[in-house]
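Asks: sequence and predicted structure, then a few things I'm wondering about:
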Amino acid sequence: MSDPDDQVLQEPPSDFVRPFLVTAGRTQSAVEGLRLETLVQRTTAEATSLKFEAAAVYNRCVDATAIAELSAHLHLPTATVKVIVGDLITSGHLTQHKTLSGSDADQNDIELITRLIDGVRRL
């Protein structure tokens, strides 16, 4: 077994960009309520002005795609993806699908859990 002190810190890949540079230092999305499971889909807006990560997010959203999926596919932190998605929603390049929240979500969670329990009992 190797000693942790002997491990050499690896340099990030040469094409690695720090997340705070991608978001210009912002840590909050311009759009409230973006969650990991929020589905976003691109609109018909022209994407010629989009650069780098914003273009990558836009291109991934041909079909409704969750923010968590975007984060995984693009190898970016979810907070960074939320900021980019918020910018794209604000600029009209993406549209956000409604997700449940508050008491609606609580009621649906209870119904889902009840159906899951019933299904497991039938096994």
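Replies: Done, it's in.
Asks: name the element Val40 belongs to?
Replies: Here Val40 is covered by strand 39-42, with elements defined by DSSP states H and E.
Asks: average pLDDT across whichever helix or strand comes after that strand?
Replies: On the C-terminal side of strand 39-42, the closest following helix or strand by DSSP H and E is helix 52-60. The average pLDDT within helix 52-60 is 89.
Asks: pull up the pairing partners for the strand holding Val40, direction included.
Replies: Here strand 39-42 has these sheet partners by DSSP bridges: strand 65-66 (antiparallel), strand 94-96 (antiparallel).
Asks: and the last one, what's buried?
Replies: Right, strand 94-96. 94, 96 (16 or more other CB atoms under 10 Å). From N, CA and C alone the C-beta is placed, and that goes for glycine too.
Asks: what residues does it touch?
Replies: 31, 34, 38-43, 57-58, 61, 85, 88-89 (CB atoms under 8 Å, 6 or more residues apart in numbering).
Asks: ok, Ser71 to Thr44 distance?
Replies: 25 Å (CB to CB, to the nearest Å).
Asks: got it, and Gly33?
Replies: Look at Gly33 and Thr44: by CB to CB, they are 24 Å apart.
Asks: just the buried residues of the contacts of strand 94-96.
Replies: Applying 16+ other CB under 10 Å to the contacts of strand 94-96, the neighbour count classes 31, 34, 38-40, 42-43, 57-58, 61, 85, 88-89 as buried.
Asks: closest to Thr99 out of those residues?
Replies: Thr38 (5.3 Å; CB to CB).
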